[in-house]
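Novice: Everything below, folded, please.
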Amino acid sequence: MGYSARIRRVIFDTSILMLLYNGVQVFDEVEELLLSKPECIVPRSVVEELERIAKSSDKSLHQRRAARLALEALEKRGCRVIETSLSADDAIIELATRLKDAIVATADNELRRRLRELGLPNIYYRRSRHGLMLEA
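Specialist: Next up is the predicted model:
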């Protein structure tokens with residue numbers, strides 16, 4: 001059985017969800033990469049981060065709209081929100097370590113670096129391809 005066949009859940013971070021506004025079909029591409037329809041998981045701290053961005057006068061109109069679109073997509077997709085007291089990245093790493101059938105989807109290079117250091121696979125955004133790639 002291939003690696004992607006064991007993946008049943010995907011943990012999404014803020015950066016990858018905000019790409020929806022740029023036309024990246026994040027959920028569809030994840031399903032294509034994994035050849036399945038995994039459960040969507042988001043830590044509460046990611047939802048809170050998106051809510052802050054959506055309401056922030058310090059952020060650009062583009063960022064606020066991207067955050068609102070991401071929040072709508074999470075609701076529409078029926079993503080499961082996991083309660084946590086950790087920061088977004090720490091919560092994602094904790095979940096990825098604990099849930100053996102999960103993979104992280106991110107466009108954040110620092111989070112990717114931390115995941116690689118821990119030997120955790122991830123799905124990441126490849127700007128040159130304008131799409132998602134699997135790093136297992």
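
Novice: So which residues of the chain form strands?
Specialist: Per DSSP state E, the chain carries strands over the ranges 9-12, 39-43, 80-82, 102-106, 122-126, 131-135.

Novice: Turn the ones you listed into JSON lines, columns for distance to Arg65 and mean pLDDT.
Specialist: Just so you know, the C-beta spots here come from the backbone N, C-alpha and C atoms, and that holds for glycine as well. JSON lines is the format used below for those (distance: least, CB to CB, whole Å; pLDDT from 0 to 100):
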{"stretch": "strand 9-12", "distance to Arg65": "18", "mean pLDDT": "97"}
{"stretch": "strand 39-43", "distance to Arg65": "19", "mean pLDDT": "98"}
{"stretch": "strand 80-82", "distance to Arg65": "21", "mean pLDDT": "97"}
{"stretch": "strand 102-106", "distance to Arg65": "21", "mean pLDDT": "97"}
{"stretch": "strand 122-126", "distance to Arg65": "18", "mean pLDDT": "94"}
{"stretch": "strand 131-135", "distance to Arg65": "21", "mean pLDDT": "91"}
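
Novice: Can I get the ones you listed in TSV including mean neighbour count and distance to Leu50?
Specialist: What follows is the strands of the chain, written out as TSV (neighbours: other CB atoms under 10 Å; distance: least, CB to CB, whole Å):
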stretch	mean neighbour count	distance to Leu50
strand 9-12	24	10
strand 39-43	22	9
strand 80-82	15	11
strand 102-106	25	14
strand 122-126	20	17
strand 131-135	16	19
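
Novice: Dump those into TSV; add distance to Ala66 as well.
Specialist: Output for those, formatted as TSV (distance: least, CB to CB, whole Å):
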stretch	distance to Ala66
strand 9-12	14
strand 39-43	15
strand 80-82	19
strand 102-106	15
strand 122-126	13
strand 131-135	17
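
Novice: Specify the stretch among those strands that is closest to Glu31.
Specialist: Glu31 lies closest, by CB to CB, to one member of the strands of the chain: strand 9-12, at 9.2 Å.
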